[in-house]
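Q: Let's see this in three dimensions:
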Amino acid sequence: MKFYVSTAFLDTREAVEIARAADDLGYAGIAIPDHVVNLETLQTPYPYTEDGQRRWDPFTDWPDPWVMIGAMALVTTRLRFVTTVYLPAMRDPYSAAKAIGTAAVLAQGRLELGVGVGWCAEEFELLGQQFARRGKRTDEMLELMKALWAPGWTEFAGEFYTTPRLEMEPTPPAIPIYVGGLSDIALRRAARHDGWVGDLITTDQALQRVDQLRALRAEMGLTMDDFAVLTPLVDAFTPEHYARAEAGGITGIVTMPWVFYPAGRGGLADKIDGLRRFRDDHPAE
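A: The predicted structure is shown next:
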């Protein structure tokens, strides 16, 4: 099983050292979440809790994922980086493609782009992007960004974006695209790409999604070979739990290893000690 260390809710100043330690200890990757701002008052309920309340407190750090990946890439050699998840439709496609492509170059091919369509209408409005039809815009943005990342001149004509003949450098290495979300629409979108990113769910719920993805891929004439399935699991703690998840088709676990140990909620040294202890308790593939 591959383990990705989540930087969610960490102090930004700790994240680079966490990445350095995770690289040394043999973790597969780092998972970086994305929000631009955290508004005090929202009409939009948070969709991933029963009461609609956000999982984080005000003034929690939400660093820019591409700045973070650029910094972490330069102090690591093998660790991969995945966004969990980045919202392209909340940005313009050219700025997004430039930032993602630059980070991919600095990471030397170790970047995995996890995307979602977003849930917070107020954040979209603040950034000057339409919340309506964000799924369709995300699909078109991914197509356009792939064209912008290709070498040579690019032209593009879509429903939302029209691109005159241009080039964007540097040309990045190949960037696999994973789609996050728990809905049927999100799973269908993920099946068209290179992987799926889950949320905090049970193993049974995750394996049900894997079965759905397998069926959707089969409809498209695709297999699950090289298709990534990354998710946190709320009920997986032991090697046996992770073995069951892996046998069912889950390829990577997104986790905060330090929370499993008494001192793990302390400072940076305690978190790194938690990384070591978890690695000893759950050796990678």
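Q: show me the residues around residue 144 that make contact.
A: 93, 97, 156, 158, 161, 163 (Cβ atoms under 8 Å, 6 or more residues apart in numbering). Backbone N, C-alpha and C define where each C-beta goes, glycine included.
Q: Filter the residues you listed down to just the ones in helices.
A: 93, 97 (DSSP state H).
Q: Tell me the one of the contacts of residue 144 nearest residue 257?
A: The closest of these to residue 257 turns out to be residue 97 (Cβ to Cβ; 32.8 Å).
Q: My guess is that closest one contacts residue 168. True?
A: Yes. Contact criterion Cβ atoms under 8 Å: residue 97 and residue 168 qualify, at 6.4 Å.
Q: State the pair within the contacts of residue 144 that is farthest apart.
A: Maximum distance among the contacts of residue 144 (Cβ to Cβ): 13.9 Å, for 97 and 158.
Q: Compare the two (neighbour count), which wins?
A: residue 97 (23 against 16; other Cβ atoms under 10 Å).
Q: Would you mind measuring from the more buried one to residue 212?
A: From residue 97 across to residue 212, the span is 30 Å (Cβ to Cβ, to the nearest Å).
Q: what do you get for residue 99?
A: From residue 99 to residue 212 the distance is 32 Å (Cβ to Cβ).
Q: wait, isn't residue 55 in contact with residue 35?
A: No. When contacts are counted by Cβ under 8 Å, residue 55 is not listed as touching residue 35 (11.4 Å).
Q: For residue 218, state which of the contacts of residue 144 is nearest.
A: So of these, ranked by how close each gets to residue 218 (Cβ to Cβ), first place is residue 158, at 28.5 Å.
Q: Contacts only, for the closest one.
A: Taking Cβ under 8 Å, 6+ apart, one finds 140, 143, 144 in contact with residue 158.
Q: Local confidence estimate at it?
A: We have a pLDDT of 98 for residue 158.
Q: let's number from 32 now, not from 1
A: Okay, using 32 as the starting number, the last item reads as residue 189.
Q: quick one, helices of the stretch 32-181 of the chain?
A: 43-56, 96-104, 124-137, 152-157, 165-180 (DSSP state H, counting those that start in this stretch).
Q: and what of the stretch 182-316 of the chain?
A: Under DSSP H, counting those that start in this stretch, the stretch 182-316 of the chain gives helices at 215-222, 234-250, 270-278, 299-312.
Q: Of those, give the one that comes closest to residue 101.
A: Using Cβ to Cβ, these put helix 299-312 closest to residue 101, at 20.6 Å.
Q: Which neighbouring elements make contact with the closest one?
A: With contacts defined as 3 or more Cβ pairs under 8 Å, 6 or more residues apart in numbering; DSSP states H and E, the secondary structure elements packing on helix 299-312 are helix 43-56.
Q: and the helix it packs on, which residues are buried?
A: Buried residues in helix 43-56, counted by 16 or more other Cβ atoms under 10 Å: 46, 47, 49, 50, 52, 53, 54, 55, 56.
Q: Format those residues as a markdown table; extra columns: distance to residue 34.
A: Formatted as a markdown table, the buried residues of helix 43-56 follow (distance: Cβ to Cβ, whole Å):
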| residue | distance to residue 34 |
| --- | --- |
| 46 | 17 |
| 47 | 19 |
| 49 | 13 |
| 50 | 13 |
| 52 | 13 |
| 53 | 9 |
| 54 | 13 |
| 55 | 14 |
| 56 | 10 |
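Q: quick one: which of these is nearest residue 147?
A: Distances from residue 147 to the buried residues of helix 43-56, taken by Cβ to Cβ, are shortest for residue 46, at 20.6 Å.
Q: could you measure the closest residue to residue 59 other than its chain neighbours against residue 284, distance?
A: Closest residue to residue 59 apart from its sequence neighbours, by Cβ to Cβ, 6 or more residues apart in numbering: residue 33 at 3.6 Å. In this view, residue 33 and residue 284 are 7 Å apart by Cβ to Cβ.
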